[in-house]
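Asker: Sequence and predicted structure below; questions after.
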Amino acid sequence: ERGTLEPLLATPPKRSSLVMGKYLAVVVTSMFSATLSLASLILSMAVAPQALASMGASSDIVFVLPPATLAAFLLASLLLAGLFSAISIVLSVFARSFKEAQVYLSPLSFLLVIPAFLTQFITPAEAPFVLHLLPIANNLLMMKGALLGGLTTPVLLVSVGSSLLYIAIGIVLTIQLFSKEQVLFRT
């Protein structure tokens, strides 16, 4: 939109370096936002634990996230941020402007609803194995398993591995698209 892509592509760094720089900028921003959201949840429950009681919970309930659960939440958040960043970068390659990129990216919010619906009424222990391979659903099941105490090492490894595979596919696809002048400049 500002005409900075052409001079950037003429610089010595490889296109893969440019893609990784863009990707890491999006991931870091996303993770910062996710970390702040999680920290605000923990802080608000520490400051006002009676808020859970106002939602129908017992007044003697205590909100505690053990370190392992917190680590699983952060890992799942990082993988989700990585996945959405990879998808965002792939789709943004085709956009000519910021507004056009927003139009391409708006369906992503709807994509989150489908896996969330699939995992809403099942525990990670009773989830079919294929759900641990599906993007987004695997991370939601990982969070749910960490929260409910049903996160096993094989499920964790399958969820992390499949998420990393999807992220890698997105990055490789973006690098390939960035290498094609006709895609970047729509010639």
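Answerer: Cool, the structure landed. Everything numeric here is computed off the predicted structure, so don't read it as measured data.
Asker: Could I get the full set of helices for this protein?
Answerer: 5-9, 15-47, 50-54, 67-92, 98-105, 108-120, 137-148, 153-178, 181-184 (DSSP state H).
Asker: would a markdown table of these with distance to Glu126 and mean pLDDT be doable?
Answerer: For the C-beta atoms, the positions are set from N, CA and C on the backbone; glycine is no exception. Listed next are the helices of the chain as a markdown table, based on distance: least, C-beta to C-beta, whole Å; pLDDT from 0 to 100:
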| stretch | distance to Glu126 | mean pLDDT |
| --- | --- | --- |
| helix 5-9 | 49 | 62 |
| helix 15-47 | 26 | 85 |
| helix 50-54 | 26 | 65 |
| helix 67-92 | 19 | 88 |
| helix 98-105 | 34 | 82 |
| helix 108-120 | 11 | 80 |
| helix 137-148 | 11 | 88 |
| helix 153-178 | 12 | 91 |
| helix 181-184 | 44 | 63 |
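Asker: For the nearest residue to Leu118 once chain neighbours are set aside, the count of nearby residues, please.
Answerer: Spatial nearest neighbour of Leu118, excluding adjacent residues (C-beta to C-beta, 6 or more residues apart in numbering): Ala137 at 5.5 Å. Neighbour count for Ala137, taken as other C-beta atoms under 10 Å: 22.
Asker: Hmm, Gln120 and Ala137 touching each other?
Answerer: No: using C-beta atoms under 8 Å, Ala137 is not in contact with Gln120; the gap is 10.5 Å.
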